[in-house]
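Participant: below is the sequence, then the predicted model.
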Amino acid sequence: MSEKAGYENRESKRSDREEGSAVVEFVLIATPLFLPALLFFMAMQNTAMEEIRVQNLARQTVRAFVTADSVTQGHQRIKYVLDRYSEIESKNQKRYGFTYNLSCGGERCLTPGSRVKIELYRSFSESSISDETTAVHAWSSYSVSDDSGNQQSNGRGGRKAIAVATGIVDKWRE
Amino acid sequence: MNKPRNLNPNGDSREEGSIEAGLTLIPTTAFFLLVLQFVVAGSVKTVETMNLQSWLNRTALYAIDGEIPARVLSSPLPGGGELLMADSSSKVPAFVATGSALGGERDPEVSLQAVAIRE
């Protein structure tokens, strides 16, 4: 038994050692696990923020519409609100991405007491921020429909925030 | 004179290196702080935007309410009424030194916007 057996014993012990360092293994394993979690939570937060923005804009735009004198003027007011908001939000870079649908409960949208519903959409993916079109695009893509025939606006790629708001035309308006 | 290598009872050299292993915590901690910065900045932006929007809604309904927390722009709407837009920024607690200690950059800020219609 001799020297050869001792050598083999040492070799087998050396190959069985798999202790590693807990710290190094934690870093190597945890970081790739946490990175997707980070991206997910940031995307969630971005989506929530965008939903809040679009929800508020939907409320304001439907109010702007129901206080207009005519349907055409109502659309002008909606476009004005969305344009101004886009300008103030993105000072240097172009960012728009709004499209909307309007549904009216009555035969005529601005009859006193009629219910007006707006569905406001906004694309907000990273690509849509850089590859932004002007307000003209969204202005040309809006559609108006009544309750019986809801129409879908032109969509754009990426994520989309959707908000629905309802307004009632004041009964004292003639 | 060469020092003898540190041998364990099995005869192989020890190369575990606890210090070197601990050094990997430095980028991990930096990464953690960066993530924390992002999360806190996002949360602050959400909360402050809602506060600003709430304040602007009250202002549109009644009158300027208390201290003015933002730059408020007013522009007339087609057909009457006016559009109020508030533009502001809010400071975020800094967890990562981005040169502010050297007087280079300012503390991180998030920009806030709000709109409301005054009839």
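Facilitator: Good, I have the coordinates. Only a predicted model underlies this, so the values are computations on that prediction, with no experimental measurement involved.

Participant: does residue B:60 lie in a helix or a strand, and which?
Facilitator: helix B:25-61 (DSSP states H and E).

Participant: I meant to write residue B:90 there.
Facilitator: strand B:82-91.

Participant: which neighbouring elements make contact with that strand?
Facilitator: Secondary-structure packing of strand B:82-91 (3 or more C-beta pairs under 8 Å, 6 or more residues apart in numbering or on different chains; DSSP states H and E): helix A:71-89, helix B:25-61, strand B:71-76, strand B:109-118. For glycine as for every other residue, the C-beta is placed from the backbone atoms N, C-alpha and C.

Participant: if I take the helix ranked longest in chain A and helix A:71-89, what angle do their directions form?
Facilitator: As assigned by DSSP state H, the longest helix anywhere in chain A is helix A:22-66. Here helix A:22-66 runs at an angle of 150 degrees relative to helix A:71-89 (axes from the mean of the first three to the mean of the last three C-alpha atoms, to 10 degrees).

Participant: tell me the strands beside the strand holding residue B:90, with direction?
Facilitator: In the sheet, strand B:82-91 lines up against strand B:71-76 (antiparallel), strand B:109-118 (antiparallel) (DSSP bridges).

Participant: buried residues, that strand. List them.
Facilitator: Residues of strand B:82-91 classed as buried: B:83, B:84, B:85, B:86, B:87, B:88, B:90 (neighbour count, 16 or more other C-beta atoms under 10 Å in any protein chain shown).

Participant: same deal with stretch B:54-69?
Facilitator: B:55, B:56, B:57, B:59, B:60, B:69.

Participant: and the closest residue to residue A:70 other than its chain neighbours, how many neighbours?
Facilitator: Using C-beta to C-beta, 6 or more residues apart in numbering or on different chains and skipping the chain neighbours, the partner closest in space to residue A:70 is residue A:110 (6.9 Å). Summarising burial for residue A:110: neighbours were counted as other C-beta atoms under 10 Å in any protein chain shown, giving 20.
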